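# one predicted model, sequence on top.
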Amino acid sequence: MRSKARSRPAASPRLNPDESPLAWLARRRDKNGEPLISPVQLLAGEKLRSDFTFANMTPRVTTNYSDTPVSSSRRSAPGAGVDLSDGMVAATERVRRALVAVGPELSGVLIDVCCHLKGLEQAERKASWPQRAGKVVLQLALTRLARHYRLEPPRENRMIGHWGADGYRPEPEP
């Protein structure tokens with residue numbers, strides 16, 4: 001009697017939190033004891049990194065011999081190679097949309113720090129920013145990224161109800 005094959009969930013890539021500059025910033029505290037980046041900002045940055053890695057957008061320095069050669073014959077199962085490439089195309093599109101939402105002024109620091117895992121000092125030197133300016137720019141970029149991914153709670157839209165002072169009460173007309 002044959003046993004049913006157990007289906008395993010797709011393996012996700014293992015990430016070492018110690019290699020991420022974002023994780024380092026999330027562990028560090030400012031002078032008030034607050035983390036340098038919030039958990040929502042960390043999540044947004046890691047989501048961008050995950051899509052960037054899955055889309056295989058990292059530039060290669062050498063030839064990669066580990067890829068499976070693509071056969072030009074049609075002897076494989078229908079749709080066998082389509083799933084992987086469709087997923088990579090979708091991840092590429094997610095990265096593109098996220099960077100467009102953040103804007104060209106802030107997308108460079110996200111690519112450097114989140115995707116290429118460069119330190120803040122290196123990103124500051126590349127962009128010709130003053131020392132310690134990268135932290136503020138990265139925080140702004142991560143906040144916009146979190147808003148794009150809808151990870152932030154919506155801001156309260158407070159409309160002005162009246163122009164009177166705090167104790168003002170309108171009196172009904174007779």
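Done, it's in.

# which residue is nearest the middle of the chain?
Closest residue to the average C-alpha location of the chain: Leu48 at 2.7 Å, with CA atoms, centre = their mean.

# quick one: buried residues of the top helix by length along the chain?
Assignment by DSSP state H gives helix 82-102 as the longest helix of the chain. By neighbour count on 16 or more other CB atoms under 10 Å, the buried set for helix 82-102 is 91-92, 94-95, 98-99, 102. Placement of C-beta: from N, CA and C, glycine included.

# pretty sure Gly87 contacts Phe54?
Yes - with contact defined as CB atoms under 8 Å, Gly87 counts as touching Phe54 (7.0 Å).

# and the pLDDT for Pro153?
Looking at Pro153, its pLDDT is 69.

# on that earlier part again, what packs against the longest helix of the chain?
On a contact count with 3 or more CB pairs under 8 Å, 6 or more residues apart in numbering; DSSP states H and E, helix 82-102 meets helix 39-54, helix 104-110, helix 133-148.

# how far does the first one sit from its chain's centre?
Put simply, helix 39-54 sits 3 Å off its chain's centre (CA atoms, centre = their mean, to the nearest Å).

# what residues sit buried inside it?
If you call a residue buried by 16+ other CB under 10 Å, then helix 39-54 has these buried ones: 40-52, 54.

# okay, angle between that helix and helix 82-102 too, please.
Angle of helix 39-54 versus helix 82-102, following axes from the mean of the first three to the mean of the last three CA atoms, to 10 degrees, is 140 degrees.

# list the contacts of helix 39-54.
13, 15, 20, 22-23, 25-26, 37, 58, 87-88, 91-92, 94-95, 98, 110-111, 113-115, 139, 142-143, 145-146, 148-149, 151-152 (CB atoms under 8 Å, 6 or more residues apart in numbering).

# quick check on the residues you listed: which are buried?
20, 22-23, 25-26, 37, 91-92, 94-95, 98, 110-111, 113-115, 139, 142-143, 145-146, 148-149, 151-152.

# ok so, going back, need the pLDDT of the residue nearest to the centre of the chain.
We note a pLDDT of 95 for Leu48 in this prediction.

# how about residues contacting stretch 106-121?
By CB under 8 Å, 6+ apart, the residues outside stretch 106-121 that reach it are 19-22, 25, 45-46, 48-49, 52-53, 57-58, 99-100, 102, 122-123, 126-127, 131, 134-135, 137-138, 140-142, 144-145.

# rounded mean pLDDT for that stretch, please.
pLDDT averaged over stretch 106-121 gives 92.

# what about it, start to end distance?
End-to-end distance for stretch 106-121: 16 Å, by CA to CA, to the nearest Å.

# for this structure, which spans come out with low pLDDT?
For the chain, the stretches with pLDDT under 70 are 1-18, 63-84, 153-164.

# which among the buried residues of helix 82-102 gets closest to Thr62?
Thr92 (22.0 Å; CB to CB).
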